[in-house]
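Undergrad: any chance you can model this:
(one chain, ligands or ions: 8)
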Amino acid sequence: MPPNTGWLAMVAIVWLGLLLPPLATSQHQQSASSPPSGQLRRIWLQDHCNSGICTNVQIGRNDYVILSQAPIAKQLMLTFINSSIAKIPKLMFDTFPDLQVLRMENCSVEAFERPQFEGASNLMSLFLGHNRLRDIPKNIFLGADNLATLHMEGNQLKQLGNHSFHALKELKELSLADNRIEHLPVGIFNGMRKLIDLNLAGNALEALPRGIFDRNLNLTRLSLARNRFTAFESELLKLQPRLSLLDISGNILQELTLNFSLLELAVAHSCDLRRLTIYGVVQELDLHNNSLRELPHVPQAINVTSLDLSQNPLGNFAAGTNPFRRFTALQRLNLSATNTHELNEGLFKKQTQLQMLDISANSIYSLKITIFDSLKSLQYFYFQQNNWNCDFLQLLMSSIVKRRDISFMEDVTPPELVDDYVDGIACWYESDKLSKKCDGGASSDAAMELSIVRNEIKSFTEMVEKKFIKVYRMLDEMKMRL
Ligand SMILES: *[C@@H]1O[C@H](CO)[C@@H](O)[C@H](O)[C@H]1NC(C)=O
Ligand SMILES: *[C@@H]1O[C@H](CO)[C@@H](O)[C@H](O)[C@H]1NC(C)=O
Ligand SMILES: *[C@@H]1O[C@H](CO)[C@@H](O)[C@H](O)[C@H]1NC(C)=O
Ligand SMILES: *[C@@H]1O[C@H](CO)[C@@H](O)[C@H](O)[C@H]1NC(C)=O
Ligand SMILES: *[C@@H]1O[C@H](CO)[C@@H](O)[C@H](O)[C@H]1NC(C)=O
Ligand SMILES: *[C@@H]1O[C@H](CO)[C@@H](O)[C@H](O)[C@H]1NC(C)=O
Ligand SMILES: *[C@@H]1O[C@H](CO)[C@@H](O)[C@H](O)[C@H]1NC(C)=O
Ligand SMILES: *[C@@H]1O[C@H](CO)[C@@H](O)[C@H](O)[C@H]1NC(C)=O
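TA: Ligands and ions are numbered 1, 2, ... in the order given. Below you'll find the model as predicted:
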């Protein structure tokens, strides 16, 4: 504490023409648990900052802070690290009138001052992620007329009102991810006509009110991932012709219909999806970890370039059917962990542009080599963690993978479960009897059954291992408590 606070206050009044709050009040607010707060303090930021990076700045909830003797011009960007700043100092934008970018992430910011952004008309980007903000008071952003980017992810925001973002008419990018928001009022985004990118992932939203985006006609990227939606209606975004990225992963949706004119990327993984229909054009589709037993219904399949169906219980595609026949522009296809035992010969007949195919983590024992005839563009082929027959695997390696110089990935199966490896990929030999019986043919029912049993043993072992890990963890926890 400086010896003469009265003198300091005078300085502040002289160069800022501002009145300080009465000291008595701030000292009165001082709580017993935070003794060093409630002071008038001078923190010369020049002493803490070097080329815009400021470290070890400590500001308490009730401190009234003076940052510099005179305004500091031409400071465009400030980043605070290893700092504990309960609130953005009131004089921030008077001290740094040219500030365009303020990064105060992970600084334990608890609340806004009022007024907070007076004089912040040069501020373009504000990063307040991973702090302790609980709410956004009405009209708090008055003064930040040109703010274009606002990040407030990882706070404790719960209730937001129509006027929380009032004055942010230039905002293009807003992240409210990983807060505790349960609902949003219909007018909350009304003032943000230029909004392009909105991230609401990781909250507790169950629904959005109809019309909530009706003024955000340029909305292009929207994430609603990891909320509590049980339904989603494309209707909500019917006025947004530019919407090109939609992420609704991690909501339990089961049945979903999307209808957009052109989605470059739709992400709907981990939704327990059982049925999916997509009207309009979608280019990349990430559907991993769902409950799909059949391919999504996509009338414009012709425009899909990337399809991730991994970790879905698709099973075998019946012989003679070709569910991929209309996906003629596919460049990437992920069928990893889809409970597949075999791939029928004509399955990839139309995938002449496919560059990446992942069939790893299935129970495939062998393939018809002719399946590769149409796969003329294949560069990456991932087929590890299957039940390959060693003789077939040799053939696959020499006649296709190595001959065409295709990239692949080695196996992680522990050696005690494996007969042999071919170029790092696990495989098993048939017993003599079996190979005689099936007369050199690559696939036989008996061999396949064997490989299924092997797979069941594998997953059983994995399950038992997981249970043991859990038990060990519980024991550890009990030990800790004792
Ligand atoms: C921030 O703190 C961490 C841990 O105390 C330290 O390793 C790091 O060097 C500090 N960074 C700066 C820029 O002071
Ligand atoms: C956040 O700040 C604390 C204390 O300054 C530090 O220990 C921690 O590593 C930081 N976390 C991240 C993700 O930067
Ligand atoms: C928020 O604004 C919308 C219109 O923009 C209005 O219908 C609604 O009643 C307002 N809600 C509150 C709580 O003021
Ligand atoms: C929407 O985007 C277009 C094209 O970038 C732009 O011309 C238009 O001004 C934007 N509208 C608003 C309200 O920002
Ligand atoms: C999809 O949306 C378009 C435009 O909004 C509409 O014309 C069309 O009927 C919709 N299609 C379906 C199948 O709902
Ligand atoms: C898969 O999705 C389920 C929801 O269906 C979720 O609970 C689980 O955490 C997801 N698993 C992974 C590995 O993402
Ligand atoms: C969809 O595919 C068709 C046929 O290849 C093509 O003519 C059309 O331009 C594509 N549309 C988009 C939006 O990519
Ligand atoms: C395919 O999906 C699996 C499981 O989701 C993932 O681990 C793997 O990285 C994906 N393959 C590629 C090539 O992206």
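
Undergrad: secondary structure element for the residue of the chain found nearest ligand 3?
TA: As assessed by Cβ to the nearest ligand atom, ligand 3 sits closest to Gly187 within the chain, at 2.6 Å. C-beta coordinates here come from the backbone N, C-alpha and C atoms, glycine included. Using DSSP states H and E, Gly187 maps to neither a helix nor a strand.

Undergrad: the closest residue to it other than its chain neighbours and ligand 5, how far apart?
TA: Distances taken as Cβ to Cβ, 6 or more residues apart in numbering put Asn162 closest to Gly187, at 4.1 Å, once the chain neighbours are dropped. Per Cβ to the nearest ligand atom, to the nearest Å, Asn162 is found 28 Å from ligand 5.

Undergrad: Asn162 belongs to a strand?
TA: No - Asn162: not assigned to a strand; according to DSSP: H, G, I helix; E, B strand; the rest coil it is coil.

Undergrad: what's the burial count for the residue of the chain closest to ligand 3?
TA: Using other Cβ atoms under 10 Å, the number of residues around Gly187 comes to 17.

Undergrad: per-residue pLDDT, it?
TA: Note on Gly187: pLDDT of 95.

Undergrad: and for Pro21?
TA: Reading off the model, Pro21 has pLDDT 34.

Undergrad: same question for the one 3 residues further on.
TA: pLDDT, the model's per-residue confidence, is 31 for Ala24.

Undergrad: again, but for Phe141
TA: pLDDT at Phe141 comes out at 97.

Undergrad: what ranges do the helices span in the protein?
TA: In the chain, the helices defined using DSSP state H lie at 5-16, 23-28, 45-48, 92-95, 390-396, 432-437, 445-481.

Undergrad: against ligand 4, how distant is the closest residue to ligand 7 within the stretch 301-450 of the chain?
TA: Using Cβ to the nearest ligand atom, Asn303 is the residue of the stretch 301-450 of the chain that sits closest to ligand 7, at 3.8 Å. Here the criterion is Cβ to the nearest ligand atom. By it, Asn303 lies 23 Å from ligand 4.

Undergrad: so what's that residue up against?
TA: Contact partners of Asn303, counting by Cβ atoms under 8 Å, 6 or more residues apart in numbering, are 281-283, 329.

Undergrad: again, but for Ser234
TA: 257-260.

Undergrad: what's near enough to touch the residue in the stretch 51-200 of the chain that ligand 7 sits nearest to?
TA: Nearest residue of the stretch 51-200 of the chain to ligand 7 (Cβ to the nearest ligand atom) works out as Ile196 at 19.7 Å. Neighbouring residues of Ile196 by Cβ under 8 Å, 6+ apart: 172-173, 218-221.

Undergrad: tell me the spacing between the residue of the stretch 301-450 of the chain closest to ligand 7 and ligand 8.
TA: Asn303 is 20 Å from ligand 8, by Cβ to the nearest ligand atom.

Undergrad: which residue sits closest to Arg242, ignoring its sequence neighbours?
TA: Thr220 (4.8 Å).

Undergrad: let me know the pLDDT of that neighbour.
TA: pLDDT at Thr220 comes out at 98.

Undergrad: burial of it, as a residue count?
TA: Neighbour tally, Thr220, other Cβ under 10 Å: 17.

Undergrad: hmm, back to that, generate a PyMOL selection restricted to the buried subset of the contacts of Ile196.
TA: Command for PyMOL that selects the buried part of those, burial taken from 16 or more other Cβ atoms under 10 Å:
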select buried, resi 172+173+219+220+221
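
Undergrad: with distance to ligand 6 added, can I get the contacts of Ile196 in JSON lines?
TA: Output for these, formatted as JSON lines (distance: Cβ to the nearest ligand atom, whole Å):
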{"residue": "Lys172", "distance to ligand 6": "31"}
{"residue": "Glu173", "distance to ligand 6": "27"}
{"residue": "Asn218", "distance to ligand 6": "32"}
{"residue": "Leu219", "distance to ligand 6": "27"}
{"residue": "Thr220", "distance to ligand 6": "26"}
{"residue": "Arg221", "distance to ligand 6": "22"}
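
Undergrad: what's the closest of the contacts of Ile196 to ligand 5?
TA: Taking Cβ to the nearest ligand atom as the measure, ligand 5 lies nearest Leu219 of those, at 15.4 Å.
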